[in-house]
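Participant: based on what follows, work out the 3D shape:
(one chain, ligands or ions: 1)
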Amino acid sequence: MKQTKGKAKKETPQATGFAISEYPDTKEVYRQLNKLINSPIRTLKKEALESYEQWFHRECKKSKVMIDEAVKYIPGGVQHNLAFNHPFPLVFTKADGGYLYDLDGHKYIDFLQAGGPTVLGSNPKLIRDKVMELLKTCGPVTGLFHEYEYLLAKKVSELMPGVDMLRMLGSGTEADMAAIRVARLATKKKYIIKMGGAYHGWSDQLAYGIRIPGTMHLEAHGVPRNCFKYTQEFYPNDIHSLERRLWLNKFRGGTAAVIMEPIGPESGTRPLDKDFNQQVRRLCDKYGALLIFDEVVTAFRIGLSGAQGYFGVVPDLTVLGKVLAGGYPSAGGLAGKKEYMKFLSAGIAGGKQKKALIGGTMAANPLSAAAGYFTICEMEKQNAAEKAGRAGDRLTRGLQSLINKYNLPFVAFNQGSICHLETVGTILLDVNWKKPWTIPATIKEAKERKVIMEHMGCAYMAEGIITLAGSRLYTNAVQDDKIIDEALKRFERVFKNIEGVK
Ligand SMILES: Cc1ncc(COP(=O)(O)O)c(C=O)c1O
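Facilitator: Down below sits the predicted model:
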């Protein structure tokens, strides 16, 4: 580059393609979270909560009428957990870029981002146009092969280090089920060890150790206990708890796979030490277990090569979802090395080995394949993961300074565009099986803290911010500084309404 004489060279940060500019200092995050969980809960002043609730009743009348009617036909009134909101869910009619619009005409800054898939922002025109074009010619489904299925599989294989092949499926839940079946078939071993606290979909065998590590079957209502005969969990950041299990399993059927989210359970709400994935990889190799990364949230959002690219750790199987279909329906896929993916082969590529029974009418369809393909190509062109990450950095730094300004015990940290705002720290509660009499109290406490989190979510929404359950915020590539700064002003209004703030 030509240097201008006398002028200092301006440093422009090198593009990395990754959403994470600086990995969280996990020791410091846990120190703060421990302090939060051991301090009295700080929530909204009573009159502030009432005033926010009144806002809903006064300003969102059309939503209220529809939800009151919907509750007669839909359990709980909404079809998705994330759509629940205190005091009642709202009805949304429009999504555009960084914003959502409700039935009563209010505009919100959207940090839910549909639970993660929309890194380019909601409903981007470019993708919509491609999808419309496809719908005009082919419609959403034929049951037969379409070129976009090949293009998407090729693109993902080129981008992700652990991926030679991709099998599209209908959801992340299905892809997780497929992953453990393939792992068992490939290794001829039985046990699956998952990281405690993580959500790998709602299938029987993986509904184990959900949200709070150590809870084992306690949250798996409706699942017979013996479904978990070969499912186990280990504690985040506790490599010894994993090795103990791997070692014991050697004598009773072996471990087929270790499955984990590479940034930590619940999208990194309990962040993992940066070298933890590497340690798990080493143990999997030592004990002959496959390493499955559930990258339903992290693939493409952390970077086009996924969290595996960021950490430089190659899993044997990768579970995909969300961004894989660019925010369009049927978002799921199992990807991995050829030697394992061969157990899924169909038709002409079928070999002599046994096949895992995996599929689905809508598993691969032109609509989700085209939406995913064009989304990933466009993300590459726009360097979208990194841009969304910078928005997440700005939001998190802003929240941290508000927390300091109002001397609150809250904790904010982020892994790029995945931001966490912990006001009650439920995720840090641990179930202690050495003192089983304490377990009911822990579960009760988690429920009470969740209610308070819902109150915070209600306040954020009344101030025009949508979050994931009041504690997680996904940013996207079109949320520029202006949008983030506006969001911070709104968060500040909520923080001013916390008990004890003058
Ligand atoms: C890490 C992880 N795995 C799996 C799933 C399940 O994906 P789906 O909702 O598409 O079934 C989710 C959903 O949020 C997830 O976050």
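Participant: how about the residues of the stretch 1-150 of the chain by the ligand?
Facilitator: The stretch 1-150 of the chain comes close to the ligand at residues Gly115, as judged by CB under 6 Å from any ligand atom. Backbone N, C-alpha and C define where each C-beta goes, glycine included.
Participant: can you tell me which helix in the protein is longest?
Facilitator: helix 439-462 (DSSP state H).
Participant: just the mean pLDDT for the helix or strand containing Asp96, thanks.
Facilitator: In the assignment (DSSP states H and E), Asp96 maps to strand 92-96. For strand 92-96, mean pLDDT is 97.
Participant: what is the very next helix or strand once past the longest helix of the chain packed up against?
Facilitator: Using DSSP H and E, the helix or strand that follows helix 439-462 in sequence is strand 465-466. For strand 465-466, the contact count by 3 or more CB pairs under 8 Å, 6 or more residues apart in numbering; DSSP states H and E identifies strand 107-110, helix 481-495 as packing neighbours.
Participant: TSV for those, including mean neighbour count and mean pLDDT?
Facilitator: Listed next are the helices and strands packed on strand 465-466 as TSV, based on neighbours: other CB atoms under 10 Å; pLDDT from 0 to 100:
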stretch	mean neighbour count	mean pLDDT
strand 107-110	21	98
helix 481-495	17	98
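Participant: what does stretch 439-448 contact?
Facilitator: 211-212, 215, 218, 426, 429-433 (CB atoms under 8 Å, 6 or more residues apart in numbering).
Participant: check the residue of the chain found nearest the ligand and give its pLDDT.
Facilitator: Nearest residue of the chain to the ligand: Gly172, at 2.3 Å (CB to the nearest ligand atom). Gly172 carries a pLDDT value of 98.
Participant: that one is in contact with Leu334, isn't it?
Facilitator: No: at 10.1 Å, Gly172 does not count as touching Leu334 under the criterion of CB atoms under 8 Å.
Participant: what touches both of the two?
Facilitator: In contact with both Gly172 and Leu334: 319-320, using CB under 8 Å, 6+ apart.
Participant: which ones are touching the residue nearest to Met260 when sequence neighbours are not counted?
Facilitator: Spatially, and ignoring its direct neighbours in sequence, Met260 is nearest to Met195 (4.1 Å; CB to CB, 6 or more residues apart in numbering). By CB under 8 Å, 6+ apart, the contact list for Met195 reads 209, 213, 233-236, 258-261, 264-265.
Participant: thinking again about what came up before, just the CA atoms of the longest helix of the chain, as PDB, please.
Facilitator: Provided in PDB are the C-alpha atoms of helix 439-462 (Å, rounded to 0.1, in the frame of the first residue of the first chain):
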ATOM      1  CA  ILE A 439     -32.300 -31.300  44.500                       C
ATOM      2  CA  PRO A 440     -36.000 -30.300  44.800                       C
ATOM      3  CA  ALA A 441     -34.900 -27.000  46.300                       C
ATOM      4  CA  THR A 442     -32.500 -26.400  43.400                       C
ATOM      5  CA  ILE A 443     -35.200 -27.200  40.800                       C
ATOM      6  CA  LYS A 444     -37.600 -24.900  42.700                       C
ATOM      7  CA  GLU A 445     -35.000 -22.100  42.800                       C
ATOM      8  CA  ALA A 446     -34.400 -22.500  39.000                       C
ATOM      9  CA  LYS A 447     -38.100 -22.100  38.400                       C
ATOM     10  CA  GLU A 448     -38.400 -19.000  40.600                       C
ATOM     11  CA  ARG A 449     -35.400 -17.500  38.900                       C
ATOM     12  CA  LYS A 450     -36.900 -18.200  35.500                       C
ATOM     13  CA  VAL A 451     -40.000 -16.300  36.400                       C
ATOM     14  CA  ILE A 452     -37.900 -13.300  37.200                       C
ATOM     15  CA  MET A 453     -36.100 -13.700  33.900                       C
ATOM     16  CA  GLU A 454     -39.500 -13.600  32.200                       C
ATOM     17  CA  HIS A 455     -40.300 -10.300  33.900                       C
ATOM     18  CA  MET A 456     -37.000  -8.900  32.500                       C
ATOM     19  CA  GLY A 457     -38.000 -10.200  29.100                       C
ATOM     20  CA  CYS A 458     -41.400  -8.400  29.500                       C
ATOM     21  CA  ALA A 459     -39.700  -5.100  30.300                       C
ATOM     22  CA  TYR A 460     -37.300  -5.400  27.400                       C
ATOM     23  CA  MET A 461     -40.200  -6.100  25.100                       C
ATOM     24  CA  ALA A 462     -42.300  -3.200  26.400                       C
END
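Participant: buried residues of it, list them for me.
Facilitator: When burial is assessed from 16 or more other CB atoms under 10 Å, helix 439-462 yields the following buried residues: 442-443, 445-446, 449, 452-462.
Participant: give me the mean pLDDT for it.
Facilitator: 90.
Participant: just the strands in the stretch 201-350 of the chain please.
Facilitator: Per DSSP state E, counting those that start in this stretch, the stretch 201-350 of the chain carries strands over the ranges 231-234, 255-260, 290-294, 317-321, 332-336.
Participant: and Leu367, which of the ones you listed is closest to it?
Facilitator: Closest approach to Leu367 among the strands of the stretch 201-350 of the chain is made by strand 332-336 (13.7 Å; CB to CB).
Participant: for that closest one, what is the distance to the chain centroid?
Facilitator: Offset of strand 332-336 from its chain centre (CA atoms, centre = their mean, to the nearest Å): 16 Å.
Participant: one more: stretch 484-502?
Facilitator: In this view, stretch 484-502 has its centroid 25 Å away from the chain centroid, taken as CA atoms, centre = their mean.
Participant: what's the answer for stretch 253-268, then?
Facilitator: On CA atoms, centre = their mean, the centre of stretch 253-268 falls 14 Å from that of its chain.
Participant: is there proximity between it and the ligand?
Facilitator: Yes: applying CB under 6 Å from any ligand atom, one finds stretch 253-268 touching the ligand at Glu261.
Participant: what do you get for stretch 414-430?
Facilitator: No: Stretch 414-430 is not in contact with the ligand by CB under 6 Å from any ligand atom; minimum separation 10.6 Å.
Participant: what's the span of that stretch, first residue to last?
Facilitator: 22 Å (CA to CA, to the nearest Å).
Participant: buried residues in stretch 471-482?
Facilitator: 471-479.
Participant: what's the span of it, first residue to last?
Facilitator: Terminal-residue distance, stretch 471-482 (CA to CA): 22 Å.
Participant: likewise stretch 83-95?
Facilitator: End-to-end for stretch 83-95, by CA to CA: 14 Å.
Participant: helices of the stretch 201-350 of the chain, start to end?
Facilitator: Here the stretch 201-350 of the chain has its helices, by DSSP state H, counting those that start in this stretch, at 239-249, 265-268, 276-287, 306-311, 338-341.
Participant: can you add mean neighbour count, distance to Gly372 and mean pLDDT and give these back as CSV?
Facilitator: Listed next are the helices of the stretch 201-350 of the chain as CSV, based on neighbours: other CB atoms under 10 Å; distance: least, CB to CB, whole Å; pLDDT from 0 to 100:
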stretch, mean neighbour count, distance to Gly372, mean pLDDT
helix 239-249, 17, 33, 98
helix 265-268, 26, 20, 96
helix 276-287, 18, 25, 98
helix 306-311, 25, 14, 98
helix 338-341, 16, 18, 96
